[in-house]
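Novice: Give me the fold of what follows.
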Amino acid sequence: MSDPLKNQVPTLWQRLVRRLRPVKNEPRRLTVEDVTVVDRPMLRRAVAGTVVGNLMEWYDIGVYGYLAVIIGRAFLPDASAGAQSLFSLGVFAVTFVARPLGGIVLGQLGDRLGRQRVLAFTLIMMAAATFLIGVLPDFSVIGVWAPILLIVLKLAQGFSTGGEYAGATTFITEYAPDKRRGFYASLLDLGSYMGFAIGAAFVSILQLTLSAETMQGFAWRIPFLVALPLGLIAIYFRLKIEDTPAFQEAQDASARASDEAQAAADAPKGVLALIRAYWRELLTAFVLVAAANTVGYALTSYMPTYLTGTLGYDEVHGTLLTLPVLVAMALCIPLTGKLSDRIGRKKVLFVGSISAIVLAVPAFLFMMHGEIWSTLLGLALLAFPVTFYVANLASSLPALFPTSSRYGGMGISYNLAVALFAGTAPVVMEALVQMTGSSLAPAFYVIGTSIAGFIAVVVLKESARRPLPGAMPSVQSHEEAVELVETQEDNPDLDLDELFPERLADADVEGETAAEKA
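Specialist: Have a look, this model is predicted:
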């Protein structure tokens, strides 16, 4: 027998032995059939539907914030100017009061009924409530019922918004391929800040072109009425997409479960069970959202008040100065999302938290200088950490939770943090200015929350380029799936024991058997 043939015999024999060996003794490996190849047309429709929904959500926030004074006069005409302002701000805060309830209820439904159904519902509810605000009769027509109905409609908006962002981030991260999840998820916040900028720009154009009497009479309603066609477009996209592959796989796995214990483990968890099982993840997400949204709402919701009330700009300039910064920041958000796909989520979030700590005081000092150029520079410095923060929350936070409880986990952590920190940020910052007499007080509030955010990033688990918990790897093409399978043992972004927990169980059984034999 020749030497080459001798060398082949053991190899052929080993292959035969492996084929005859019982499957239960062979460690579970990833196969091409396990890998999800993304349906690109469906991904594009999913992105379009979720981005337009987020755009509409923030469009309403921007419109209401800039029309709050006019709305206060329309719905409480006999009250003092102070009472009207308090009413408008109170109604704005009502939205955030309802958000946690919406996040909890709709998050639970999203994990049970599906992401697509619940997201379609939230968008319909949001579009209807916004449109109805535009046609709601004021105090002169229906008296005290006008402010009451306005509060009811804002509660409905808050409830639907509680399920919107949590569901949108869950939906888009489950659809996106692992290596580009940061980029696709960041498009949601591109839509968010563009929506705010569009709302602010729309109101500014009306204020510049129409008289104060016209704005107070009917024109204030126009931006709310425009929300209906925007909502119909987003609803059309959402009704055209299927539920995410990860959710469908989780449903199938639960249905195939061999025993009741396994079925219960794969099933969505109730609120209390979710908190008990994932309290660390919920706390991490809560702190990150609080830190990011404190500086984010300082830039968006608080700046018009700060620029006009504290720094003395007129109302129109207080609005217009923020617009170019918001648009530039929105366009940069996908770039930082893409950067996180390359270098990791934690590194990008570290940039966000550290830059907020370092740049907060210089940002407010530049704005206090009082010149147009210095105010724009100060706003840009404040926008820098927001760009690195928010672009990566949408991809980092859903990766903290398994598929079966992802929507619910996001609904609780995100909306509680937004209600307690984002919704209160303008009030807290203005109160700090009034109490201390220092225009720098908001900067120190931003620093404090971002120090907590820095600690949360430290304990955050890296998720870039890795499969979501409870889901198989997701790629863009069949060729990438084949390559992933061939290199699975050497791939640092794959943990086969996490993908196939039964490997650990089999290893434990083999270890116990070996110990017994010994």
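
Novice: Where is the longest helix in this structure?
Specialist: Of all the segments of type helix in the chain, defined by DSSP state H, the longest one is helix 40-75.

Novice: Now the residue positioned nearest the centre of the chain. Nearest residue, chain neighbours left out?
Specialist: Nearest to the geometric centre of the chain sits Ala394, at 4.2 Å (CA atoms, centre = their mean). In this structure, Ala394 finds its nearest non-sequential neighbour in Ala185, 3.8 Å apart by CB to CB, 6 or more residues apart in numbering. C-beta coordinates here come from the backbone N, C-alpha and C atoms, glycine included.

Novice: Secondary structure element holding the one you found?
Specialist: helix 181-209 (DSSP states H and E).

Novice: Tell me which other helices or strands that helix touches.
Specialist: Counting contacts by 3 or more CB pairs under 8 Å, 6 or more residues apart in numbering; DSSP states H and E, helix 181-209 packs against helix 40-75, helix 145-175, helix 222-239, helix 315-320, helix 322-343, helix 372-396.

Novice: how many degrees apart are that helix and helix 322-343 in direction?
Specialist: Relative orientation of helix 181-209 versus helix 322-343 (axes from the mean of the first three to the mean of the last three CA atoms, to 10 degrees): 180 degrees.

Novice: In helix 181-209, which residues are buried?
Specialist: 181-204, 206-207 (16 or more other CB atoms under 10 Å).

Novice: any weak-confidence spans in the chain?
Specialist: 1-26, 82, 85, 253-267, 309, 315-319, 502-518 (pLDDT under 70).

Novice: hang on, the earlier thing: how far does whichever helix or strand comes after the longest helix of the chain sit from its chain's centre?
Specialist: Moving toward the C-terminus from helix 40-75, the next helix or strand (DSSP H and E) is helix 81-113. Distance of helix 81-113 from the chain centroid (CA atoms, centre = their mean, to the nearest Å) equals 16 Å.

Novice: Show me what whichever helix or strand comes after helix 81-113 is packed against.
Specialist: Downstream of helix 81-113, the next assigned helix or strand under DSSP H and E is helix 115-135. Applying 3+ CB pairs under 8 Å, 6+ apart, we find helix 115-135 packed against helix 40-75, helix 81-113, helix 145-175, helix 222-239.

Novice: so where does Met215 fall, helix or strand?
Specialist: helix 212-217.

Novice: Kindly provide the distance from the spatially closest residue to Ala481 that is not a sequence neighbour to Ala422.
Specialist: Nearest residue to Ala481, sequence neighbours excluded (CB to CB, 6+ apart): Val35, at 4.0 Å. Val35 sits 38 Å away from Ala422, taking CB to CB, to the nearest Å as the criterion.

Novice: Same check on Ile151?
Specialist: Ile151 sits 20 Å away from Ala422, going by CB to CB.

Novice: Leu89 too?
Specialist: 14 Å.

Novice: ok, the two, which is more surrounded?
Specialist: Ala422 (24 against 17; other CB atoms under 10 Å).

Novice: I'd say the residue nearest to Ala394 and Tyr175 touch.
Specialist: No - taking contacts as CB atoms under 8 Å, Ala185 lies outside contact range of Tyr175: 9.7 Å.

Novice: thinking again about what came up before, now distance to Ile357 too, for the helices and strands packed on helix 115-135, in CSV please.
Specialist: Shown next, in CSV, are the helices and strands packed on helix 115-135 (distance: least, CB to CB, whole Å):
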stretch, distance to Ile357
helix 40-75, 26
helix 81-113, 25
helix 145-175, 25
helix 222-239, 36
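
Novice: hey, which of the ones you listed is tucked in deepest?
Specialist: Greatest average neighbour count among the helices and strands packed on helix 115-135 goes to helix 145-175 (a mean of 25), per mean count of other CB atoms under 10 Å.

Novice: Between helix 115-135 and that one, find me the angle.
Specialist: Going by the same axes, to 10 degrees, helix 145-175 makes 150 degrees with helix 115-135.

Novice: Just list what helix 145-175 packs against, helices and strands only.
Specialist: Using 3+ CB pairs under 8 Å, 6+ apart, helix 145-175 is in contact with helix 40-75, helix 81-113, helix 115-135, helix 139-142, helix 181-209, helix 245-256, helix 372-396, helix 406-417.

Novice: Residues contacting the next helix-or-strand element following the last one, please?
Specialist: Read it as helix 406-417. The first helix or strand that comes after helix 406-417 along the chain, using DSSP H and E, is helix 425-436. Contacts to helix 425-436, defined as CB atoms under 8 Å, 6 or more residues apart in numbering, come from residues 89, 93, 293-294, 297-298, 301-302, 305-306, 309-310, 438-439, 441-442, 444-445.

Novice: try 10 Å this time
Specialist: Helix 425-436 has contacts (CB atoms under 10 Å, 6 or more residues apart in numbering) with 65, 89-90, 92-93, 290, 293-306, 309-310, 418, 421, 424, 438-446, 449.

Novice: ok, of those residues, which come out buried?
Specialist: 65, 89, 92-93, 290, 293-306, 310, 418, 421, 424, 439, 441-446, 449.

Novice: Now go through those and say which are in helices.
Specialist: Using DSSP H, the buried ones among the contacts of helix 425-436 in helices are 65, 89, 92-93, 290, 293-297, 303-305, 441-446, 449.

Novice: thinking again about what came up before, Ser405: which of the helices and strands packed on helix 115-135 is closest?
Specialist: Ranking the helices and strands packed on helix 115-135 by their distance to Ser405 (criterion: CB to CB) puts helix 81-113 first, at 5.9 Å.

Novice: Could you check the angle the closest one makes with helix 425-436?
Specialist: Using the same axes, to 10 degrees: helix 81-113 against helix 425-436 is 140 degrees.

Novice: who does helix 81-113 touch, helix- and strand-wise?
Specialist: helix 40-75, helix 115-135, helix 145-175, helix 245-256, helix 271-297, helix 406-417, helix 425-436 (3 or more CB pairs under 10 Å, 6 or more residues apart in numbering; DSSP states H and E).

Novice: Measure how far the direction of that helix deviates from that of helix 406-417, in degrees.
Specialist: Taking the same axes, to 10 degrees, one finds helix 81-113 and helix 406-417 inclined to each other by 160 degrees.

Novice: Just want the angle from the helix holding Ala185 to helix 40-75.
Specialist: 30 degrees.

Novice: how far out from the middle of the chain is helix 181-209?
Specialist: The answer for helix 181-209 is 15 Å, by CA atoms, centre = their mean.

Novice: switch to numbering from 8
Specialist: I'll keep to 8 as the first residue from here, and by that count the last item is helix 188-216.

Novice: Phe357 contacts Ile462, doesn't it?
Specialist: No - look at Phe357 against Ile462 with CB atoms under 10 Å: they stay out of range, at 11.2 Å.
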